[in-house]
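[1] sequence first, then the predicted structure:
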Amino acid sequence: MLRVLAVDDEKPLLEELLYLLRSDPRVHSAEGASDATEALRRVTRALESDPEGPDRIDVVFLDIHMAGLTGLDIARLLAGFARPPLIVFVTAHEGFAVQAFDLKAVDYVLKPVRPERLAEAVRRACAQLGGPAGAPAAAASGAPERSQAPAAAGARPAPQPPQPLSSPHRAVPEVTVADRAADQIAVELGGVTRFVAIADIAYVEAQGDYARLHTDGGSHLVRIPLSTLEQRWAARGFVRIHRRHLVALGRIDELRLDAGTTSVRVGAAELQVSRRHARELRDLLMRHATG
């Protein structure tokens with residue numbers, strides 16, 4: 001079974017890639033690194049340790065465009081080791097495939113990452129390492145298995161045709177406004193689409209280009225800016241209290257004033273209210289309380 005390292009400087013995309021890798025029964029362990037320095041440190045430690053020890057890394061799944069060193073730079077550095085791990089590039093850009101295979105990459109997977117496509121990359125890595133290369137991940141991902149002939153020994157895997165991209169970094173998890181019902185939002189994770197009722201969302205937290213929806217039952221990461229949700233859900237009682245938070249007015253349990261700072265309690269969470277939003281929020285809560 002494979003021990004893998006996934007490297008991507010966009011945390012939500014790294015988390016999703018790790019989720020998919022850990023869902024594959026051929027993967028023993030999958031760890032993440034968010035930059036080149038951390039990735040090189042981990043690989044170096046693995047190469048200096050027992051080849052069969054817990055630090056072993058068989059395959060590195062590499063993004064290409066990252067701050068500092070690129071994935072191609074990392075691959076060139078790893079190629080200088082006596083027994084480097086296999087490399088699978090995972091990127092939103094199709095124009096680096098030739099360079100990738102010149103670096104003897106096992107595969108070149110385009111974002112948005114489809115579970116069955118990633119399963120094929122795992123199969124190729126298993127085959128090159130001499131392990132079982134069956135494709136049980138099709139069952140784990142819920143996607144139909146695609147029949148493909150094994151690559152000939154020493155042959156480069158052919159790059160897969162690019163998938164349509166709506167944006168350079170569009171990747172699962174992603175969000176759409178569900179056409180089937182205006183009071184729900186569709187969230188995709190690992191190839192499974194779930195519909196979350198907007199009424200169940202207590203507050204929303206900004207995470208870069210993404211937003212995390214917090215409900216009583218957990219949280220869901222969606223690719224949509226907080227400012228967009230603020231506009232769409234204003235009529236549903238969601239108010240901006242901070243540059244990072246959007247809150248359902250009816251889910252606020254307490255408003256707290258302490259030494260000139262304002263915060264609200266929403267369930268078990270205590271959220272700060274920025275000064276520019278504090279007065280407006282107090283007025284809205286008073287009107288809400290009096291009907």
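    Perfect, I can see it now.

[2] isn't residue 223 right next to residue 207, touching?
    No - counting by Cβ atoms under 8 Å, residue 223 stays clear of residue 207, with 9.9 Å between them. In this view, the C-beta of every residue, glycine as well, is placed from N, C-alpha and C.

[3] next helix or strand past the helix or strand hosting residue 41?
    Using DSSP states H and E, residue 41 sits in helix 36-48. Going down the chain from helix 36-48, the next helix or strand is strand 59-62, by DSSP H and E.

[4] surely residue 88 and residue 64 touch.
    No - Residue 88 is not in contact with residue 64 according to Cβ under 8 Å; the separation is 11.5 Å.

[5] list the contacts of residue 230.
    238, 240, 246 (Cβ atoms under 8 Å, 6 or more residues apart in numbering).

[6] and of these, the nearest to residue 31?
    residue 246 (32.7 Å; Cβ to Cβ).

[7] the closest one should be in a strand, yeah?
    Yes - per DSSP: H, G, I helix; E, B strand; the rest coil, residue 246 lies within a strand segment.

[8] spatially nearest residue to it (excluding sequence neighbours)?
    Residue nearest to residue 246 in three dimensions, not counting chain neighbours: residue 204, with 4.2 Å by Cβ to Cβ, 6 or more residues apart in numbering.

[9] over to residue 193?
    Closest residue in space to residue 193, ignoring its immediate chain neighbours: residue 186 at 5.6 Å, by Cβ to Cβ, 6+ apart.

[10] cool, and residue 251?
    Nearest to residue 251 is residue 202, by Cβ to Cβ, 6+ apart, at 4.3 Å.

[11] same question for residue 70.
    Nearest one to residue 70, counting by Cβ to Cβ, 6+ apart, is residue 64 at 5.7 Å.

[12] separation between the one you found and residue 206?
    Distance of residue 64 to residue 206, given as Cβ to Cβ, to the nearest Å: 26 Å.

[13] repeat for residue 60
    31 Å.

[14] surely residue 228 is within a helix?
    Yes - secondary structure of residue 228 (three-state DSSP): part of a helix.

[15] give me the neighbour count for it.
    Neighbour count of residue 228, defined by other Cβ atoms under 10 Å: 12.

[16] cool, residue 43 as well?
    Neighbours of residue 43 (other Cβ under 10 Å): 22.

[17] looking at residue 64 and residue 206, which is more packed in?
    Per other Cβ under 10 Å, whichever of residue 64 and residue 206 has more neighbours is residue 64, with 21 against 18.

[18] phi, psi for the more buried one please.
    Main-chain torsions, residue 64, degrees, to the nearest 10: phi -100, psi -50.

[19] so how far is whichever helix or strand residue 97 is part of from its chain's centroid?
    Assigned by DSSP H and E, residue 97 belongs to helix 97-102. Put simply, helix 97-102 sits 25 Å off its chain's centre (Cα atoms, centre = their mean, to the nearest Å).

[20] and what of stretch 187-207?
    So, by Cα atoms, centre = their mean, the centroid of stretch 187-207 is 14 Å from its chain's centroid.
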